[in-house]
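Q: whatever this is, show me its structure:
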Amino acid sequence: MVFRKAEERDIFRMMEMVNQSKASMKARGIDQWQMGYPNEGVLREDLEKGINYVLEDGGEVVGMITVVSGEEEAYNTIEGSWLNQEDYVSFHRVCVEESRKGQGLAGILFEEGEKLCREWGFRNIRNDTHPDNKSMQRAVEKFGFKRCGIIYIVGTEEDGSPRAAYQKVLS
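A: Numbering: from 1, shown residues only. Got it, this is the predicted structure:
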């Protein structure tokens, strides 16, 4: 497995995985990512900022994650409480090839994202997911994230939508 920064050549494959995830969530009755977000424009913006990464197996992209350092507007207000108020990195747009789910790829993406967090000098990681997205909640909890409360999306087509908010403090 190779974890690397996404490149222009990966956009089509990344969108395939996003669309698989959208279809999967829709089939499970989860309205996350059902209003047009994320889309190719979002992935291209991430690419320009250098914040999206892919997991490659045998030359095929099988997973992706966006790793963002700095304050997130949606995380400024929480119904609950963050574990601390220190600087943090956020994980977003985590996707795994549908046929490869259950093989631990999300865990590899989290591990690699955590390595970046450490390299950049951060001790905290935040993440959020839809309250009905139980599979992602299990994945982040398995990786050591603690549920901190509810935040509300800001700045996308899903503005105002609630999300279960998580944080992990690195030792």
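Q: isn't residue 109 right next to residue 61, touching?
A: No - the pair residue 109 / residue 61 is not scored as a contact, 11.7 Å apart, by Cβ atoms under 8 Å. (C-beta placed from N, C-alpha, C; glycine too.)
Q: from residue 21, how far off is the residue lying farthest from the centre of the chain?
A: Taking Cα atoms, centre = their mean, the residue of the chain most remote from its mean C-alpha position is residue 58, at 23.0 Å. Relative to residue 21, residue 58 is positioned 21 Å away (Cβ to Cβ, to the nearest Å).
Q: tell me who's in contact with residue 170.
A: 114, 117-118, 122-125 (Cβ atoms under 8 Å, 6 or more residues apart in numbering).
Q: which one of those is nearest to residue 86?
A: Distance ranking of the contacts of residue 170 against residue 86, using Cβ to Cβ, places residue 124 first at 5.3 Å.
Q: which residue is the nearest non-sequential neighbour of the closest one?
A: The shortest distance from residue 124 to any non-neighbouring residue, by Cβ to Cβ, 6 or more residues apart in numbering, is to residue 88 (3.8 Å).
Q: for this structure, what spans make up the helices?
A: Ranges of helices within the chain are 11-27, 40-49, 105-119, 134-142, based on DSSP state H.
Q: these into TSV, with extra columns for mean neighbour count, mean pLDDT and distance to residue 79?
A: Listed next are the helices of the chain as TSV, based on neighbours: other Cβ atoms under 10 Å; pLDDT from 0 to 100; distance: least, Cβ to Cβ, whole Å:
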stretch	mean neighbour count	mean pLDDT	distance to residue 79
helix 11-27	16	96	23
helix 40-49	15	96	26
helix 105-119	18	96	25
helix 134-142	16	94	16
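Q: now for those, which one comes closest to residue 98?
A: Nearest of the helices of the chain (Cβ to Cβ): helix 11-27, 4.2 Å.
Q: now that closest one against helix 40-49, angle please.
A: 130 degrees (axes from the mean of the first three to the mean of the last three Cα atoms, to 10 degrees).
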